[in-house]
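Chemist: Below are the sequence and a predicted model; questions follow.
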Amino acid sequence: MDEAGDSTFPNWPELRRLFTYDELVGKVLQGRYEVVRRLGAGGMGVVFLARHVHLDKLFALKIISARYLDEPEIGRRFLLEAQAASKIDHPNVVGITDFGPPEAGPTFFVMEFLEGEDLARTLAREGPLAWPRALHIVAQIARALAAAHQRGVVHRDIKPQNCLRVDRDGDPDFIKVLDFGLAKILSGTNKSTWTVGGSPGYIAPEIYRGGRTDHRVDIFALGVVLHTLLLGRLPAQSPSDVELPPRAPVLHTTDLPAPLRAVIDRATAEDPERRYPSADALLAALAEARAALESFSRHVPQNMSERSTRPVRRGLFLAASLGGALAVAFAAASTREASGDAAGPAQTAPDPLARTVVAADATAAGPAAPARDAGAGGPAPAPAGALAPDRAPSSSAPTPALAPGPRPRDAQATIDPPAGPEDMSERTLPKGPARNASAGRPQKQLAPFDPSAARAQLERRAADVRACKADSSFRTMSATVRLAGTVSVSPRGKATVALPAGYDVSPCLERLVAGTRFRPSLDGGEFAFTFLL
Ligand SMILES: Nc1ncnc2c1ncn2[C@@H]1O[C@H](COP(=O)(O)OP(=O)(O)OP(=O)(O)O)[C@@H](O)[C@H]1O
């Protein structure tokens with residue numbers, strides 16, 4: 001048969017021409033799967049509804065995105081990940097039943113067809129979920145992760161969009177987790193904006209750092225999901241703004257009862273060692289939090305967004321939160337005996353409860369970050385001392401730090417005023433008291449170190465920072481990356497910068513700072529600086 005005319009399977013060249021796979025509708029793939037309609041598309045592929053012509057049963061087909069047709073290695077990894085995921089075999093994990101080998105056309109895999117709604121859509125439609133519902137959903141995802149991790153499969157892209165809600169056995173919130181392992185496929189290639197793999201906001205800090213990662217990246221992401229379900233927004237980063245090193249997303253959790261806050265804080269700890277060591281441990285913590293909250297359910301609003309609309313209940317809410325923390329602490333030491341009866345009215349025992357809250361909070365990650373409010377859609381404003389590239393870092397992120405700071409007070413300098421701060425070389429600088437004395441000229445008093453002038457000087461080198469990004473592993477990341485450092489300037493104006501370890505852009509930034517001549521000052525000093533990459 002003429003290949004081009006084969007109606008049962010469009011061959012490779014034909015698919016290249018098609019580019020969007022819409023022409024597949026009505027065709028039969030591999031003699032078995034009749035493509036019914038397109039269900040949607042994501043970063044890795046396009047999902048179609050298909051009918052198995054022999055079984056007369058519906059399936060979902062995920063076909064590798066046409067943009068990877070020329071990348072056999074990506075196709076191979078796509079298939080390998082799907083094969084690994086097919087072995088998880090858990091009710092909360094989408095079942096993968098078949099594969100389309102690349103030699104017979106574009107790579108695809110076949111999943112059970114799920115009629116439902118992903119959690120992102122549910123959140124968009126309904127807003128934040130009541131805590132019993134959120135815990136029920138997150139517990140199922142934790143079970144799915146526990147099963148996957150046992151088989152050595154790490155999801156790496158846990159987020160609401162990858163969790164489908166289906167109606168199963170009378171439960172309208174039965175969860176099926178999709179896309180195990182697929183995020184890994186593009187990491188290390190130049191094929192994705194997010195070469196680190198994963199989705200902004202849900203990516204664990206160690207993934208950004210480029211170090212070793214393990215199943216605890218999923219624990220982190222699930223903690224973020226719990227936060228998002230309860231409060232309807234991401235705890236920290238937004239898609240257009242990435243902060244390095246990421247700070248523990250503790251900001252909005254202050255709105256939550258202590259048992260929930262403790263779970264989120266520990267799951268999203270910056271240091272993986274401080275997170276729950278396994279999905280099973282997270283599952284146990286979720287059960288304990290539920291038990292604690294149920295003990296105080298008369299006082300704890302079901303939906304966290306109710307809190308702000310019911311100010312008169314705030315006292316009770318806080319008291320219940322404290323009581324919940326107490327119950328969590330007890331649960332760790334004893335068995336499931338923390339009941340509403342045993343716990344009693346929380347607001348009558350302030351001191352022990354307050355101590356317990358400290359203990360519960362001690363499980364949280366690192367020091368509390370200063371208040372930021374980067375909601376799911378809105379980047380945080382640039383901090384003072386942020387060095388922005390020439391272009392705006394994102395459409396909506398204001399970068400006031402780009403405005404030049406105050407000029408140094410030249411009148412107080414002991415040296416002849418240089419042409420400009422960057423032009424000052426070692427030759428033009430005074431070498432020390434002896435040299436100054438031999439100059440025989442009247443010496444002016446050096447001014448104290450002026451951090452805002454030094455910062456402004458560094459801010460003028462935004463283009464150099466952009467060049468550093470272009471030469472680093474962040475080069476394909478369209479989001480603005482904020483890398484926080486501390487610049488130390490000697491009295492003679494020589495500077496060094498301390499940056500968090502592990503970023504390949506750091507040596508370039510260090511050279512940039514070392515190559516900037518700051519104004520000499522009486523004492524030298526240091527200032528915090530955020531490079532906007
Ligand atoms: N097994 C399935 N049954 C029914 N619908 C599915 C199934 N798998 C995926 N879908 C739907 O197909 C669409 C595309 O899914 P896909 O996983 O490719 O994209 P995504 O998760 O939104 O993006 P990304 O892969 O970039 O994270 C989504 O609407 C998803 O809900």
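Modeler: Perfect, I can see it now.

Chemist: Distance check, Ile137 against the ligand.
Modeler: 16 Å (CB to the nearest ligand atom, to the nearest Å). (Glycine included, C-beta is placed from N, CA and C.)

Chemist: To clarify, my last question referred to Val465.
Modeler: 30 Å.

Chemist: Compute the number of surrounding residues for that residue.
Modeler: 23 (other CB atoms under 10 Å).

Chemist: Would you mind identifying the helix or strand in this protein with the lowest mean pLDDT?
Modeler: Every helix and strand in the chain was compared by mean pLDDT, DSSP states H and E; the lowest is helix 350-361, with a mean of 25.

Chemist: give me the element Leu79 is part of.
Modeler: helix 72-86 (DSSP states H and E).

Chemist: Let's see the helix or strand where Ala281 lies as CSV, backbone CA atoms only.
Modeler: Assessed by DSSP H and E, Ala281 sits inside helix 279-295. C-alpha atoms of helix 279-295 as CSV (Å, rounded to 0.1, in the frame of the first residue of the first chain):
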residue,chain,number,x,y,z
ALA,A,279,4.5,10.2,51.6
ASP,A,280,3.4,7.7,54.2
ALA,A,281,4.7,10.0,57.0
LEU,A,282,2.9,12.9,55.4
LEU,A,283,-0.2,10.8,55.2
ALA,A,284,0.0,10.0,58.9
ALA,A,285,0.5,13.7,59.7
LEU,A,286,-2.6,14.5,57.6
ALA,A,287,-4.6,12.0,59.6
GLU,A,288,-3.4,13.6,62.9
ALA,A,289,-4.2,17.0,61.7
ARG,A,290,-7.7,15.9,60.8
ALA,A,291,-8.2,14.3,64.2
ALA,A,292,-7.0,17.5,65.9
LEU,A,293,-9.3,19.6,63.8
GLU,A,294,-12.3,17.4,64.3
SER,A,295,-11.8,17.7,68.0
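
Chemist: for Asp214, what are its contacts?
Modeler: For Asp214, the contact set (CB atoms under 8 Å, 6 or more residues apart in numbering) comprises 154, 272.

Chemist: any weak-confidence spans in the stretch 151-300 of the chain?
Modeler: 183-200, 209-211, 235-254, 297-300 (pLDDT under 70).

Chemist: mind checking the SS state of the closest residue to the ligand within it?
Modeler: Using CB to the nearest ligand atom, Gln161 is the residue of the stretch 151-300 of the chain that sits closest to the ligand, at 4.6 Å. Following DSSP: H, G, I helix; E, B strand; the rest coil, Gln161 is assigned to helix.

Chemist: Identify the spatial nearest neighbour of it, chain neighbours not counted.
Modeler: Ala120 (4.6 Å; CB to CB, 6 or more residues apart in numbering).

Chemist: Name the helix or strand for that neighbour, please.
Modeler: Judged by DSSP H and E, Ala120 forms part of helix 119-126.

Chemist: for whichever helix or strand comes after that helix, which positions count as buried?
Modeler: Next in sequence after helix 119-126, counting helices and strands by DSSP H and E, comes helix 131-150. For helix 131-150, the neighbour count (16 or more other CB atoms under 10 Å) marks 131, 133-149 as buried.

Chemist: what does stretch 86-97 give?
Modeler: 86, 88, 90, 92-96.

Chemist: sorry, back to before: next, the angle helix 131-150 makes with the helix holding Leu79.
Modeler: Counting by axes from the mean of the first three to the mean of the last three CA atoms, to 10 degrees, helix 72-86 points 110 degrees away from the direction of helix 131-150.

Chemist: tell me the mean pLDDT over helix 72-86?
Modeler: Averaging pLDDT along helix 72-86 yields 84.

Chemist: got it, and stretch 486-502?
Modeler: Computed over stretch 486-502, the mean pLDDT rounds to 88.
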